[in-house]
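Participant: Below is the structure, and that's it, no one-letter string:
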């Protein structure tokens, strides 16, 4: 028997109930995505790839602190013009992607690293397990940011650098230190930060160009005044 003093839900309660249903549905979606993420990680761990293990382990270790990208940037910086500008954009993108991944993403999400032993990742794949949070992949974010920025400024470099960034991202899953979802999020973050750096660079270049044209216009005006042209 219902309490006579209990009020029936009214129209004012509908937004609250809708919010709870939305939150519950969103939580279920994330739960399913985590399950898929874990299944993909386990599938990679369970697939024997002895011919790839050593190479991917070395690639993953070489990508620590963006050493590969910085080496490429140093080589490009030796060539004046577009290659040098591409190197500068790439390094700027690495800095922004690394800061976004490590100072924001990892601190906000705080996802635990995969249990490599439970997944039985073979020892030949092992690299040092980082102590930081797992989401997003900082290695992937930096590699994709560098490839995106340099590839835009120097199109011939786009394909090889993108392939390298993809290999770095996969190596983090192959070695057992990241879930695939971490790598995907890192790739999105890297592309976003590179786009931001490129947009800022373009904006600064346009301002510089406009300022230069203004100065040139002022010089021309002074020349006309000197010739009496502006008093005609």
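Facilitator: Yep, that arrived. These figures come from a predicted structure and were not determined experimentally. Numbers count the residues shown, from 1 in each chain.
Participant: only C-alpha atoms for contact and neighbour calcs from this point on.
Facilitator: Will do.
Participant: From residue 45, how far out is residue 118?
Facilitator: Plainly put, residue 118 is 10 Å away from residue 45 if you go by CA to CA, to the nearest Å.
Participant: now do residue 105
Facilitator: When distance is defined by CA to CA, residue 105 is 25 Å away from residue 45.
Participant: Repeat that for residue 193.
Facilitator: With the distance defined as CA to CA, residue 193 ends up 30 Å from residue 45.
Participant: higher neighbour count, the two?
Facilitator: Relative neighbour count places residue 193 above the other of residue 193 and residue 45, with 28 against 20, counting by other CA atoms under 10 Å.
Participant: Nearest spatial neighbour of the more buried one, chain-adjacent residues omitted?
Facilitator: Leaving aside its chain neighbours, residue 193 sits nearest to residue 97 (5.7 Å; criterion: CA to CA, 6 or more residues apart in numbering).
Participant: Could you report the neighbour count for the one you found?
Facilitator: Residues contacting residue 97 under the criterion other CA under 10 Å number 30.
Participant: give me the element it is part of.
Facilitator: helix 82-99 (DSSP states H and E).
Participant: buried sites along that helix?
Facilitator: Of the residues in helix 82-99, 83-99 count as buried by neighbour count, 16 or more other CA atoms under 10 Å.
Participant: and it, what other elements does it pack with?
Facilitator: When contacts are defined as 3 or more CA pairs under 8 Å, 6 or more residues apart in numbering; DSSP states H and E, helix 82-99 packs onto helix 67-77, helix 138-153, helix 180-226.
Participant: just for the protein, where's the confidence low?
Facilitator: Low-confidence regions of the chain, defined here as pLDDT under 70, cover residues 1-14, 17-19, 23, 209-232.
Participant: and the most centrally placed residue in the chain, what does it touch?
Facilitator: Nearest to the geometric centre of the chain sits residue 190, at 1.9 Å (CA atoms, centre = their mean). The contact partners of residue 190, taken as CA atoms under 8 Å, 6 or more residues apart in numbering, are 93, 97, 140-146, 148.
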